[in-house]
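Undergrad: Compute the structure for the input listed below.
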Amino acid sequence: MSNFEMFFGIFLWVMYVIVFFCVITYVLFFRLAYKNSKGTVENVLKEEKWQPYADRVKEEIAWFDAQEKEQLYILTRDKIRLNGWYLPACGESKGRVVLMHDYRVPGVVSFAGVLRKYHEQGFDVLLADQRAHGDSMGKYICFGARERYDCKLWVECMNKLHGEDVPTYLHGVGMGGTAVLMTAGLKLPRNVVGVIAEGAFTSPYAVVKKLMKKAHAPGKFLLGFFDFWCRGMAGYKLKGASTQAALRETGLPVLLIHGKDDSMAPFAMAEANYEACGGEKKLIAVPGAEHGVCLWSAEECGVDMLSFMANHAALPEKKEELPAAEEAAAEAPEQQN
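TA: Residues are numbered from 1 along each chain as shown. So this is what the prediction gives:
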């Protein structure tokens, strides 16, 4: 066998291996990131962790369905139409909450424990369907990487429709918690005054790593190929966003709620996010709670949330806007005599 034939044979084997891993990870990408119709209320409530609370969750969903709500749409910067449900407060409004649900969990399930509470305590609610979920468009789930910008768009939409002098809070669960924590690192309207995250991950990369492990496909090597499909098909990088990096950049107050027995986002992730917070912070550990059910395992978390919101309801003062001529003069370099 000549050297050429030997090297050509090695080259073919390398190509076979690359193609093999590309195919395997594309199947994983399709399974984990592509929009599907399995994340229904019925399917989610069949999961073991939801069984103890299923009847109460259904009661709260029935209550929410019976309310008079406004259906809203926004168009993202990558031209995807997203759906949301706006429910005004019962009586005079104290503020508004933008809600971002968990991975393949309907928003009404993720927030069944607080929707009525928020409404009756005087908060306007915007329950968003994240991209590739519910009634929102989009083919691919982005694990928070693009959803953070969607969350900011919902805040801006609410400001345009219902005024920008209303204290606004971001509340997310699981993947939605990851998204709202990363949203906190963006330049936000002044009326965003606090962030609440339950079961949040440390990054989109960490979300996918855990999902791949759950699908019995561990390994950083596979994650590299998975990231290739994220870039090529959905236009984002798994390592292009981080909750910890965003939290270091923000001065917003942050309330973290996390189950001690969270098998999806281990409690160590909550501790890492807590340490990264650049502003006022609080971490509530819920003993025995699984991922996404803290508000049901420990209903006092709802009291803690309302207390957190009441303590951070004040809007920062508006910056005085200089007249155009004065602003130009202020920005001009000083003349030397």
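
Undergrad: Regarding Ile74, what is its secondary structure?
TA: With DSSP: H, G, I helix; E, B strand; the rest coil as the basis, Ile74 sits in strand.

Undergrad: Okay, it and Asp102: tell me how far apart.
TA: Distance from Ile74 to Asp102, counting by CB to CB, to the nearest Å: 20 Å. Quick note: C-beta positions are derived from backbone N, CA and C, even for glycine.

Undergrad: These two: which has the busier surroundings?
TA: The neighbour count for Ile74 versus Asp102, taken as other CB atoms under 10 Å, is higher for Asp102 (26 against 17).

Undergrad: Tell me if that one really is in a helix.
TA: No - Asp102 is assigned coil when assessed by three-state DSSP, not a helix.

Undergrad: Just to check, it is in contact with Gly176?
TA: Yes - using CB atoms under 8 Å, Asp102 is in contact with Gly176, at 5.6 Å.

Undergrad: List the residues that contact Ala128.
TA: Counting by CB atoms under 8 Å, 6 or more residues apart in numbering, Ala128 makes contact with Leu82, Asn83, Gly84, Val98, Leu99, Met100, His101, Gly107, Ser136, Asp150, Cys151, Trp154.

Undergrad: same thing but at 6 Å, please
TA: Gly84, Met100, Trp154 (CB atoms under 6 Å, 6 or more residues apart in numbering).

Undergrad: how close does it get to Val173?
TA: Distance of Ala128 to Val173, given as CB to CB: 12 Å.

Undergrad: repeat for Val286
TA: Relative to Val173, Val286 is positioned 13 Å away (CB to CB).

Undergrad: Please identify which of the two sits among more neighbours.
TA: Higher neighbour count among Val286 and Val173: Val173, with 32 against 23, using other CB under 10 Å.

Undergrad: Roughly how far does the more buried one sit from Leu75?
TA: In terms of CB to CB, Val173 sits 25 Å off from Leu75.

Undergrad: buried stuff in the helix or strand that contains Gly224?
TA: In this assignment (DSSP states H and E), Gly224 forms part of helix 220-229. Of all the residues in helix 220-229, those buried under the rule 16 or more other CB atoms under 10 Å are Leu222, Leu223, Phe225, Phe226, Asp227, Phe228, Trp229.

Undergrad: repeat for stretch 145-152
TA: Buried positions in stretch 145-152, judged by neighbour count with 16+ other CB under 10 Å: Ala145, Arg146, Glu147, Arg148, Tyr149, Asp150, Cys151, Lys152.

Undergrad: I'd assumed Ala206 was in contact with the first one.
TA: No - here Ala145 lies out of contact with Ala206, judged by CB atoms under 6 Å, at a distance of 11.9 Å.

Undergrad: the bottom helix or strand of the chain by mean pLDDT?
TA: Here the helix or strand of the chain ranked lowest by mean pLDDT, DSSP states H and E is helix 324-331, holding a mean of 45.

Undergrad: Using JSON lines, lay out the buried residues of helix 220-229 together with distance to Lys38 and pLDDT.
TA: Formatted as JSON lines, the buried residues of helix 220-229 follow (distance: CB to CB, whole Å; pLDDT from 0 to 100):
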{"residue": "Leu222", "distance to Lys38": "23", "pLDDT": "79"}
{"residue": "Leu223", "distance to Lys38": "23", "pLDDT": "86"}
{"residue": "Phe225", "distance to Lys38": "24", "pLDDT": "83"}
{"residue": "Phe226", "distance to Lys38": "20", "pLDDT": "87"}
{"residue": "Asp227", "distance to Lys38": "24", "pLDDT": "89"}
{"residue": "Phe228", "distance to Lys38": "25", "pLDDT": "87"}
{"residue": "Trp229", "distance to Lys38": "20", "pLDDT": "89"}
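
Undergrad: can you put the residues you listed in JSON lines and add distance to Ser263?
TA: Below are the buried residues of helix 220-229 laid out as JSON lines (distance: CB to CB, whole Å):
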{"residue": "Leu222", "distance to Ser263": "20"}
{"residue": "Leu223", "distance to Ser263": "19"}
{"residue": "Phe225", "distance to Ser263": "25"}
{"residue": "Phe226", "distance to Ser263": "21"}
{"residue": "Asp227", "distance to Ser263": "24"}
{"residue": "Phe228", "distance to Ser263": "28"}
{"residue": "Trp229", "distance to Ser263": "26"}
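
Undergrad: Could you list every helix and strand in contact with the helix or strand harbouring Val195?
TA: Element membership for Val195 (DSSP H and E) is strand 192-198. Applying 3 or more CB pairs under 6 Å, 6 or more residues apart in numbering; DSSP states H and E, one finds that strand 192-198 makes contact with strand 168-173, helix 175-183, strand 254-259.

Undergrad: Including distance to Phe7 and mean pLDDT, could those go into a markdown table?
TA: Formatted as a markdown table, these follow (distance: least, CB to CB, whole Å; pLDDT from 0 to 100):
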| stretch | distance to Phe7 | mean pLDDT |
| --- | --- | --- |
| strand 168-173 | 52 | 98 |
| helix 175-183 | 46 | 97 |
| strand 254-259 | 53 | 98 |
